[in-house]
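**Student:** 3D, please:
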Amino acid sequence: MSSHLGHELGPWERFNYRLFWSLLWIITKVWFRFSIVGRENLPATGAYILAPVHRSYLDTPVGGMVTARRQRFLGKESLWRNWFLGRFLTIVGGFPVERGTADRAALRACQDVLERGEPLVMFPEGTRQWGKVVEADKMHDGPAFVAARAGVPIVPMGIAGTDHAMPPGTRWIKPVKAVMVVGEPIPAPPVEGRVPRRVVSDLTEQVRRGIQAAYDDALRLRGQPPLEFPN
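**Tutor:** Predicted structure coming up:
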């Protein structure tokens, strides 16, 4: 795994970040006409884990519009081999993890980011899933484990509409409405020393319920059910 998580942004890099974020905000706002509910649930300062539902490749750029604050996310280390792309990804919040790295090494990198006081985006469902139900057997314990170790809250988020904008098998992004709902933060349980598996499992289930509630609200506000795709 790469040893660097990116340095603190200087004035020029902060300017570039705000410029890139503002341009993307305009593009996504025009294309998706998105609305955000519950933005006040995002902590204004300090570290947290943003845990969105995952139904589309578009969830990362669209979900990133929920706040102008730079949020960190993992990316394949190979993307940083291109200097320009690597600089861009670092400025917008990405940090490299070597492909095939053991899970604990990636989780350690996530914990390091949180210990620096930065917010982090993690998808508890891992890869994209289909349908309106956040299934318990599709949830990963990584976000709960990292949150418990770092002592930071997890903020669930529902995103509705991105699956309609770019269904599987399509190459074009349709201009459909998207809705984001930010749920109430779920505090990390008090833990000293080693994090018990039971604590992680219980927190993962709390996160699943929080994501489901936020996703249900997003779907309801959008006014139509999600697309259903075969596995």
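
**Student:** check contacts around the spatially closest residue to residue 56 that is not a sequence neighbour.
**Tutor:** Nearest non-adjacent residue to residue 56, counting by C-beta to C-beta, 6 or more residues apart in numbering: residue 162, 3.6 Å away. The way it works is simple: take the backbone N, C-alpha and C, and place the C-beta from them, glycine included. Neighbour list for residue 162: 32, 55, 56, 58, 59, 62, 178 [criterion: C-beta atoms under 8 Å, 6 or more residues apart in numbering].

**Student:** Distance to residue 154 added to those residues, as a markdown table?
**Tutor:** What follows is these, written out as a markdown table (distance: C-beta to C-beta, whole Å):
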| residue | distance to residue 154 |
| --- | --- |
| 32 | 25 |
| 55 | 19 |
| 56 | 21 |
| 58 | 22 |
| 59 | 16 |
| 62 | 20 |
| 178 | 22 |
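
**Student:** May I ask which two of these are separated the most?
**Tutor:** Taking C-beta to C-beta, the two most distant members of the contacts of residue 162 are 32 and 55; they sit 13.7 Å apart.

**Student:** out of those two, which sits in the more crowded spot?
**Tutor:** For residue 32 versus residue 55, neighbours defined as other C-beta atoms under 10 Å are more numerous around residue 55 (26 against 23).

**Student:** And the nearest residue to residue 32 once chain neighbours are set aside, how close does it get to residue 54?
**Tutor:** Closest residue to residue 32 in three dimensions, ignoring its sequence neighbours and counting by C-beta to C-beta, 6+ apart: residue 178, at 4.1 Å. Computed with C-beta to C-beta, to the nearest Å, the distance linking residue 178 and residue 54 is 14 Å.

**Student:** Chain neighbours aside, what residue packs nearest to residue 221?
**Tutor:** The nearest residue in space to residue 221 (C-beta to C-beta, 6+ apart) is residue 179, at 4.8 Å.

**Student:** sorry, back to before: neighbour count winner among residue 178 and residue 54?
**Tutor:** For residue 178 and residue 54, the more surrounded residue by other C-beta under 10 Å is residue 178, and the numbers stand at 27 against 22.

**Student:** Many thanks, have a good one.
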